[in-house]
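> Any chance you could fold what I've pasted below:
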Amino acid sequence: MKTLAQRPSVMAGVVLFALFGIVDVLSPWIFPAPASAPPIANTLTLIAGVIALVVLAVWLATSSRVAMWIGVVIRVIGGVFSIMAFTDPTASTGFVVANVIYLALTIVAIVLVAPTLRARVSSPAVPAG
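The predicted structure is shown next:
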């Protein structure tokens, strides 16, 4: 039986999480926050990306449900931040479309890693005899 880390669907979600983490780390330079955003927005995005990458590394090393839960929470927060693009009248159409794609892929990634979030059921003891 394959472990969760060996399932291709789970690993696809982990890869998406890792890509989003890398984009978050690089975001202040490749997708800077609009001028109307608070000055700390770029810093928060960078910190979220670093945390996401660290917890993914922990999950890969230990299969810790807590680490994956933190990764999911970081992705949800990232999704909430991207929703702000829809309320910014100065956002370009391309930026809004990119955020729609980001939100869709975030949802897909969370669904793909969902099996890692469930409690593990231990095997029932088989009586000898």
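
> Could you list the low-pLDDT ranges of the protein?
For the chain, the stretches flagged by pLDDT under 70 are 1-5, 119-129.

> Could you pull out the helices in it for me?
8-30, 41-62, 65-83, 93-113 (DSSP state H).

> Let me have the ones you listed in JSON lines, extended by mean neighbour count.
The way it works is simple: take the backbone N, C-alpha and C, and place the C-beta from them, glycine included. Shown next, in JSON lines, are the helices of the chain (neighbours: other CB atoms under 10 Å):
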{"stretch": "helix 8-30", "mean neighbour count": "17"}
{"stretch": "helix 41-62", "mean neighbour count": "17"}
{"stretch": "helix 65-83", "mean neighbour count": "18"}
{"stretch": "helix 93-113", "mean neighbour count": "15"}
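
> For the residue positioned nearest the centre of the chain, give me its contacts.
Central residue of the chain (CA atoms, centre = their mean): R75, 3.5 Å from the mean position. Residues in contact with R75, defined by CB atoms under 8 Å, 6 or more residues apart in numbering, are F17, F20, A52, T106, A109, I110.

> from the residues you listed, which two are the most distant?
Maximum pairwise distance among the contacts of R75 (CB to CB): 12.6 Å, between A52 and I110.

> where's the closest residue to V96 other than its chain neighbours relative to G94, distance?
What sits nearest to V96 in space, not counting adjacent residues and going by CB to CB, 6 or more residues apart in numbering, is A85, at 5.6 Å. Noted for A85: a distance of 11 Å to G94, by CB to CB, to the nearest Å.

> again, but for I83
17 Å.

> What is the neighbour count of R7?
Residues lying near R7 (other CB atoms under 10 Å) number 16.

> Over to it: give its phi and psi.
Torsion angles at R7 (phi, psi; degrees, to the nearest 10) stand at phi -70, psi 130.
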